[in-house]
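[1] coords below, sequence missing:
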C-alpha cells in the first residue's frame, strides 16, 4: 500500500566553467530533486522481493532510468491502523540539473 509520495527539491552548488573563460570555474546553483515514496505491507508477509523488483523496474525504465542517479531503499517496522506493518522508503535521486 502506498502511504506517502513526495517530491523534494533543493539547490546545490556545482562548479562549472565560466562563460567566455572555460579555464575559470564558478559556482552555480543547480536543482537537486528526490522522489520519496513510502509503501507498507502486513508484517506477516515478506515484501522484500516485491520492493526490490519495483526499484529495479524504476531503475531500468526507459523514462526514469536515464534521469536517475541512485535509488535508495530503507525498511522499518511499525503500526498502521493498529496492524503490524513493514514500511519501506524508496528514494529516487535524480541527476543534478534535471
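    Thanks, I have the structure now. What you see is a predicted model; the values in this text were computed from it and never measured.

[2] could you pull out the helices for this structure?
    Using DSSP state H, the helices found in the chain span residues 48-59.

[3] list the strands paired with the longest strand seen in it, with their directions.
    Longest strand in the chain, counting residues (DSSP state E): strand 21-42. Neighbouring strands of strand 21-42 in its sheet, by DSSP bridges, are strand 2-18 (antiparallel), strand 83-94 (antiparallel).

[4] tell me the most buried of the ones you listed?
    strand 83-94 (a mean of 18; mean count of other Cβ atoms under 10 Å). No exception for glycine: its C-beta is placed from N, CA and C like everyone else's.

[5] distance between that one and the chain's centre?
    10 Å (Cα atoms, centre = their mean, to the nearest Å).

[6] so for that strand, mean pLDDT?
    Averaged over strand 83-94, pLDDT sits at 93.

[7] repeat that for stretch 1-10.
    Mean predicted confidence for stretch 1-10 is 93.

[8] list of residues touching it?
    Contact with stretch 1-10 is made by 31-41, 80, 87, as judged by Cβ atoms under 8 Å, 6 or more residues apart in numbering.

[9] could I get the residues you listed as TSV with distance to residue 57?
    Listed next are the contacts of stretch 1-10 as TSV, based on distance: Cβ to Cβ, whole Å:
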residue	distance to residue 57
31	25
32	23
33	19
34	18
35	14
36	17
37	13
38	17
39	13
40	19
41	17
80	24
87	19
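
[10] any of those residues buried? List them.
    32, 33, 34, 35, 37, 38, 39, 40, 41, 87 (16 or more other Cβ atoms under 10 Å).

[11] JSON lines for the strands paired with strand 21-42, including distance to residue 69?
    Below are the strands paired with strand 21-42 laid out as JSON lines (distance: least, Cβ to Cβ, whole Å):
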{"stretch": "strand 2-18", "distance to residue 69": "12"}
{"stretch": "strand 83-94", "distance to residue 69": "5"}
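
[12] by how many degrees do the longest strand of the chain and helix 48-59 diverge?
    150 degrees (axes from the mean of the first three to the mean of the last three Cα atoms, to 10 degrees).
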